[in-house]
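# Sequence and predicted model, in that order:
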Amino acid sequence: MPTHPATGKTKHLRALSNPAGVIAAVAMDQRASLVKTIAAARGIERKDVAPSVMSEFKSAVSKALSPHASAILLDPEYGLPGAAARDPRCGLLLAYEFSGYDTTRPGRLPYLLEDVSVRRIKEWGANACKLLIYYSPFDSPRVNDIKHALVERAGSECAAEELPFFLELLSYDPAGGDGKGLAAAKLKPRVALGTIMEFCKPRYGVDVLKVEVPIASRFTEGSRAFCGERAYSYAEALGLMKEASDASTLPFIYLSAGVDNDVFTEQLRMAAEAGSDYSGVLCGRATWKGGLPVYGQRGAAALEEWLSGEGVANIGNVNEAIRPAKPWWFKFGLSSGETE
């Protein structure tokens, strides 16, 4: 059983979850990918997407969707106006990492925002610090050692500030593949399992893992997204989801990884069917990505209208799908959100 989080951390975890202890959060910390998509929708160069445009989009999402979420994830670069615009009952997570990764060396090495610290994240009113890393247990020991040290550093800062540490883990192919084919789908459950087992170790100081669903729906026979090539049967996929869940000694939440809303909600229903004891979601594009072309082509007022309709409906679908999720305190062996 993992060590219970410090009292200061539990206060913040309660602020990030609904009354049932489930984290029903919206992710709006995208930066480089958001610039790319807005530029494409407007038919302009990426360099011509002004910071004010980024902040405007994030603020619109925060204002429209935060009343329906227990928390929202934003970034310090463009997201602080969105943090101010959120519903006062909605908790706040702020990202610590620079968008993207080091392209000058192999291994998708992450680096932190130069003018940000966990102390500053706390001073900006956040209830948690989020760090994203790309990780594969099959990468070189040297690459993974650098990532381990970075996570340890962030974990120590969060412990000192008594601020919850959310670690977001994205899988990738160290050999350079795009991670989208059948071979990658077959390997994905093993990558997920090894990654979860590594970062549940107490030395990292992680409080909540933000993880990918450990199967690829496109290659799951019987799923609505099935493409015709099979990596696993539906029953096998359920077993793999349960195996990854059982491997985690920490509370964990699922990310949507850019899939459509109907695919993500099916994955959540599969998680419940599998008996996964996940504690909620931090879901981004599955709720608001349909508003990007609307914003790019017709502006902020049209985006707000879209968010109030389809965006709210999307987050409602996710909220309904996570009803079977376990409270974050379940993995700590607590009966409630209070330390014992």
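That came through fine.
# Name the spans of the stretch 1-150 of the chain whose pLDDT lies under the cut-off.
Applying pLDDT under 70 to the stretch 1-150 of the chain flags the ranges 1-3.
# which stretches of it form strands?
Using DSSP state E, counting those that start in this stretch, the strands found in the stretch 1-150 of the chain span residues 23-27, 71-74, 91-95, 128-134.
# of all those strands, which lies closest to residue 248?
The stretch from the strands of the stretch 1-150 of the chain with the least distance to residue 248 (CB to CB) is strand 23-27; that distance is 14.3 Å. For glycine as for every other residue, the C-beta is placed from the backbone atoms N, C-alpha and C.
# Render the CA-only coordinates of the closest one in PDB, please.
The C-alpha atoms that make up strand 23-27 are tabulated as PDB, following Å, rounded to 0.1, in the frame of the first residue of the first chain:
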ATOM      1  CA  ILE A  23     -11.400  13.400 -11.000                       C
ATOM      2  CA  ALA A  24     -13.500  14.700 -13.900                       C
ATOM      3  CA  ALA A  25     -11.100  17.100 -15.400                       C
ATOM      4  CA  VAL A  26     -10.700  18.900 -18.700                       C
ATOM      5  CA  ALA A  27      -7.200  19.200 -20.300                       C
END
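# what packs against that strand?
Contact analysis of strand 23-27 by 3 or more CB pairs under 8 Å, 6 or more residues apart in numbering; DSSP states H and E lists helix 51-65, strand 71-74, strand 252-255, strand 280-283, helix 285-288, helix 312-321 as its packing neighbours.
# Now do residue 49 against residue 82, distance only.
In this structure, residue 49 and residue 82 are separated by 16 Å, where distance is defined by CB to CB, to the nearest Å.
# coming back round to it: and of the strands of the stretch 1-150 of the chain, who's closest to residue 311?
Between residue 311 and the strands of the stretch 1-150 of the chain, the shortest separation by CB to CB is 9.5 Å, and it involves strand 23-27.
# For the residue lying closest to residue 118 once chain neighbours are set aside, which residues are in contact?
Nearest residue to residue 118, sequence neighbours excluded (CB to CB, 6 or more residues apart in numbering): residue 157, at 3.8 Å. Neighbouring residues of residue 157 by CB atoms under 8 Å, 6 or more residues apart in numbering: 117-119, 129.
# Good, wrapping up.
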